[in-house]
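Engineer: Below are the sequence and a predicted model; questions follow.
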Amino acid sequence: MNRPIRRVALVAMLMTLALLVNVCVSYLVRQESLNANPQNRRVTDAAFAQDRGAILVGNTAIAETVASKDQFKFQRRYPQGDLYAGVTGFFSYNYGSSELEQSYGSQLSGNDDSQFVNRLIDLATGATPSGASVQTTLNAKAQQAAADALGSQKGAVVALNPSTGAILAMVTSPTFDPNDLATHTLTDATAAWNKLTGDTKNRPMANRAVREIFPPGSTFKVIVSAAALEAGYEPDSVLNTSSYKLPGTTTTIGTTCGDSQTLKRALELSCNSAFARLGVKLGADALREQAEKFGFGTKPLADITSVASRFPDEIDVPQTGLASIGGYDVAATPLQMAMVAAAVRNDGVVMQPYLVESVRSDDLQLLSQTRPSQLSLATSSANAAKLRQMMVGVVENGTGWRAQVSGVTVGGKTGTANSDNVRTPYAWFIAWADDPEVAICVFVQDAEMPNTDVAGGRVAAPIAKAVIEALR
C-alpha cells in the first residue's frame, strides 16, 4: 500500500473513531440533556405514546392513563383533578410535568433503572411497556375534609402522622384542574396555561403547602417555648406580661394579659409582650438553634420540590423580640409548622416527611418502599411532654378552643400574622391529636377580619377540627 492510500486510510479510521466516540458520549453523557431539550419532540411524542402508571390514594387512582383514539394512543386523566392537583401536578405535551408527575416521571413512564428487567421482558415478549404505579401516603377522608373546610379561601392544610412522617393530607388553595393541561387538544391546553399563569392575583398553580413561606405569627411561640424549656424554664415559671418596649426603639408591644402569667398561661393567651421579652432574654442564637432542630433551614420533602423555612441569620435585639412572636423576617411553610406540632406529639423527634409510600411495577412487583426515618431531635422527651401539656391548655382554656373534639385530646396553637398593617392577617393553627394520631397545620392567607382579632382561632382552628374528625 502506497503512502497516500495509507494516509487516507488513517484519516478514515480516525474519523470513524471520532464518530464512535461522539455516539458513545451522546448516549452515555448527553442522553439526559438531549431528552430534556424542549425542542426534542420525538421524546415528548414517545412519552405520550406510553401507558403511564397510576398515582394512587389507597386503591383509588388520582392520576391514570386511558386509551385514546388519536396519534398519542394514551390520555392522562385526573378523576379528582382539583382536589389532588398539588400532589399529582400535571403531565402536559406543551408544558412538561410537575409535582409527582415530574419527580416520579421515570418510574411512571417505565424508564427508571429499577424497571430495567421489566423492559427486557417486554422487549422479548413483544408486550406493550407499562409504567409503575406510585402509592401515596394520603388519606382520602382527611384530604377531602381539609379541602371542604378550607373552601375557596387562599391557603393550605397539611396533616402528618407524627410517628412516621407520612403525609395524610396536603391541600393548597386556590387549585386547578390538571386535566385542562393534559388534554390532547393542544390549543385548549395553551389557553388553559395562559389563564392559569395569567391569574397573578390568585396564583392557582402555587403550591402554598410546601413551596411558599409566610410569617408564622404566634405559632412560632411553640418553638420559643421549647427553647425556654431547654434553658431551664418550666410551664409554671412566671413571666412578665406587661407592655414591652423593644430595646433601642420607640415600638411598644401592648398586652391584654395583665402584668404576669405563667409560661403555660402566656401560651394559652398568646401574650405577645411576654414572648417578645422572653425571646430577647433567650437570645437570637438560641431561638435559631431551636428552630433548626425543628427543621428550619432544610428542604424536608424529597418527593416533590419543597423550600426551606427560615429564621434570619443577621438579627439585632429588637428584631429578635419581633421574631419571637413570629414576625420580622421569620417565615415558614405550612409543612414545616405541621412538623413542629408533630415533633411535640412524637416525644420531640422530628420525622422526615414523605408523600410516597411505595412504587410497584405493573405486575405488582415492589420496586421501592419508603421507610420512616428521623430527621432530627427537636427537644427532650421530658420537655416535649411539657409542651403537650401547654398546647392542650391552648385548646381547652385558651385561644384554640374552637379545635376541641369530643373524646379526643387535642393540643394546638393559634397564630395571626400581620406584616404590613394593610392586608388582612394571615391565620394559622397548628395542632396534634392523640386518637386519631395526627399533626396538622392550617394556613389561611386572607383571614377576612380585623388584624386585632385572633384570626388563627376563629378561622383556622375549625379547619383542623374538621380534619381530626374525618380521621376518627
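Structural biologist: Nice, thanks for sending it over.
Engineer: E437: neighbouring residues, count only.
Structural biologist: E437 is flanked by 17 other residues according to other Cβ atoms under 10 Å. C-beta: built from backbone N, CA, C; applies to glycine.
Engineer: Ok, R3 next?
Structural biologist: Around R3 there are 7 residues (other Cβ under 10 Å).
Engineer: tell me, what residue is most central in this protein?
Structural biologist: Among the residues of the chain, V210 comes closest to the average C-alpha position under Cα atoms, centre = their mean, at 2.8 Å.
Engineer: I'd say that one and L335 touch.
Structural biologist: Yes. Using Cβ atoms under 8 Å, V210 is in contact with L335, at 4.8 Å.
Engineer: shared neighbours of those two, anything?
Structural biologist: With contacts defined as Cβ atoms under 8 Å, 6 or more residues apart in numbering, the residues adjacent to both V210 and L335 are 158, 170, 301, 306.
Engineer: now, among those, which is nearest to V444?
Structural biologist: V444 lies nearest to V158 out of the shared contacts of V210 and L335, by Cβ to Cβ, at 13.1 Å.
Engineer: where does the stretch 201-350 of the chain have low pLDDT?
Structural biologist: Along the stretch 201-350 of the chain, no part satisfies pLDDT under 70.
Engineer: hang on, the earlier thing: write the ChimeraX selection for whichever of the shared contacts of V210 and L335 are buried.
Structural biologist: Command for ChimeraX, covering only those of the shared contacts of V210 and L335 found buried under the criterion 16 or more other Cβ atoms under 10 Å:
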select :158,170,301,306
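Engineer: Dump the shared contacts of V210 and L335 to JSON lines, plus secondary structure and distance to D363.
Structural biologist: Converted to JSON lines, these look like this (DSSP: H, G, I helix; E, B strand; the rest coil; distance: Cβ to Cβ, whole Å):
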{"residue": "V158", "secondary structure": "strand", "distance to D363": "34"}
{"residue": "M170", "secondary structure": "strand", "distance to D363": "29"}
{"residue": "L301", "secondary structure": "coil", "distance to D363": "29"}
{"residue": "S306", "secondary structure": "coil", "distance to D363": "32"}
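Engineer: Among the shared contacts of V210 and L335, which one lies nearest to V392?
Structural biologist: Nearest to V392 among those, with distances taken as Cβ to Cβ, is V158, at 21.0 Å.
Engineer: Now that that closest one has come up, it's in contact with C441, right?
Structural biologist: Yes. With contact defined as Cβ under 8 Å, V158 counts as touching C441 (5.0 Å).
Engineer: nearest to R265, of the shared contacts of V210 and L335?
Structural biologist: Nearest to R265 out of these is V158 (Cβ to Cβ; 28.6 Å).
Engineer: residues contacting the closest one?
Structural biologist: 167, 169-171, 209-210, 334-335, 338, 440-441.
Engineer: Check which helix or strand the residue nearest to it when sequence neighbours are not counted maps to.
Structural biologist: Leaving aside its sequence neighbours, V158 sits nearest to A338 (Cβ to Cβ, 6 or more residues apart in numbering; 4.3 Å). Using DSSP states H and E, A338 maps to helix 334-345.
Engineer: can you pull out the helices in the stretch 151-300 of the chain?
Structural biologist: Taking DSSP state H, counting those that start in this stretch as the test, the helices found in the stretch 151-300 of the chain are 179-182, 186-198, 221-230, 263-269, 272-282, 284-293.
Engineer: For the closest residue to L387 other than its chain neighbours, grab the count of nearby residues.
Structural biologist: Spatial nearest neighbour of L387, excluding adjacent residues (Cβ to Cβ, 6+ apart): V344 at 4.7 Å. For V344, the number of neighbouring residues by other Cβ under 10 Å comes to 31.
Engineer: Equivalent analysis for L335, please.
Structural biologist: Residues near L335, counting by other Cβ under 10 Å, number 25.
Engineer: ditto for N22
Structural biologist: 11.
Engineer: Is it located within a helix, as I assumed?
Structural biologist: Yes. The assignment for N22 is a helix, going by DSSP: H, G, I helix; E, B strand; the rest coil.
Engineer: can you offset everything so residue one is 39?
Structural biologist: With the count now opening at 39, the last piece we talked about shows up as N60.
Engineer: Can you tell me the SS state at A498?
Structural biologist: With three-state DSSP as the basis, the three-state label of A498 is helix.
Engineer: Now do the contacts for it.
Structural biologist: 452-453, 465-467, 480-482, 485.
Engineer: and the residue nearest to it when sequence neighbours are not counted, what are its bridge partners?
Structural biologist: Nearest non-adjacent residue to A498, counting by Cβ to Cβ, 6+ apart: F467, 3.6 Å away. For F467, the beta-bridge partners under DSSP bridges are T452, V480.
Engineer: Double-check F467 against P254; I have them as touching.
Structural biologist: No. Using Cβ under 8 Å, F467 makes no contact with P254, being 10.8 Å away.
Engineer: neighbour count winner among those two?
Structural biologist: F467 (37 against 31).
Engineer: Could you count how many residues lie near G386?
Structural biologist: Per other Cβ under 10 Å, the neighbour tally for G386 reads 21.
Engineer: what do you get for the one 3 residues further on?
Structural biologist: Counted with other Cβ under 10 Å, the neighbours of M389 add up to 24.
Engineer: Backbone dihedrals for it, please?
Structural biologist: The phi/psi pair for M389 (degrees, to the nearest 10) reads phi -90, psi 150.
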